[in-house]
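Chemist: Quick check, what structure comes out for this input:
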Amino acid sequence: MPFANLTMRATSSGLEDETLIATALSWLVGDSSIVEMERTKSWHGSPVHMISARLGNRGAIKRALRNMGPNLLKTMSMQISQRMDEHNAIHFRLDLPSLVSAQVVLAEPGAATVVKVRLKLRTFPGQVPDDVAVAALEELSERA
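Modeler: Model prediction:
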């Protein structure tokens, strides 16, 4: 697989249950030891938790992407030109309330509670990053 790393980040305000969000991320990545939670304060002083997971192992990345489901992976492969940046990273957001309910759904534009996902692609000279990403995502969607 041509993926270098996968990073997921979510924010939990004082009104949300941060352990529930961390559990949902643990379910998605398949390993609770990867999920980190940092407590900080917002601009106005209220407590905020930053919940993140970073995967660098290709097997763990494949497992997390397969957990997202074939429909999401097919959608990502169709929208690759809109979601890939100049550093060969694919960006998308997952709907946090759906994820807590064990459903993986792309967030609507402008949604307030999301999980930000960044999937870094590893390419070599002569390869077209968009083509490499589409091929990898389609292969994973067939196996998911």
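
Chemist: how about the residue sitting nearest the centre point of the chain, what does it touch?
Modeler: Geometric centre of the chain, nearest residue: Val117, 3.1 Å, by CA atoms, centre = their mean. Counting by CB atoms under 8 Å, 6 or more residues apart in numbering, Val117 touches Leu6, Thr7, Met8, His91, Phe92, Arg93, Leu94. Glycine gets a C-beta too; all of them are placed from N, C-alpha and C.

Chemist: Now a PyMOL select for only the buried ones of these.
Modeler: Entered in PyMOL, the line below selects the buried ones among the contacts of Val117, by 16 or more other CB atoms under 10 Å:
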select buried, resi 6+8+92+93+94
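
Chemist: Restricted to helices, list the contacts of Val117.
Modeler: Judged by DSSP state H, helices contain none of these.

Chemist: tell me the phi and psi of the residue nearest to the centre of the chain?
Modeler: Main-chain torsions, Val117, degrees, to the nearest 10: phi -120, psi 130.

Chemist: if we can go back for a sec, would you point out the most distant pair within the contacts of Val117?
Modeler: Leu6 and Arg93 (13.9 Å; CB to CB).

Chemist: Can you lay out the contacts of Val117 as JSON lines showing pLDDT and distance to Ser101?
Modeler: Formatted as JSON lines, the entries for these read as follows, by pLDDT from 0 to 100; distance: CB to CB, whole Å:
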{"residue": "Leu6", "pLDDT": "96", "distance to Ser101": "22"}
{"residue": "Thr7", "pLDDT": "97", "distance to Ser101": "23"}
{"residue": "Met8", "pLDDT": "97", "distance to Ser101": "17"}
{"residue": "His91", "pLDDT": "96", "distance to Ser101": "23"}
{"residue": "Phe92", "pLDDT": "96", "distance to Ser101": "19"}
{"residue": "Arg93", "pLDDT": "96", "distance to Ser101": "16"}
{"residue": "Leu94", "pLDDT": "97", "distance to Ser101": "12"}
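
Chemist: Pull out the buried residues from the longest helix seen in the chain.
Modeler: When the chain is parsed with DSSP H, its longest helix is helix 129-143. Across helix 129-143, burial judged by 16+ other CB under 10 Å covers Pro129, Asp130, Val132, Ala133, Val134, Ala136, Leu137, Leu140, Ser141.
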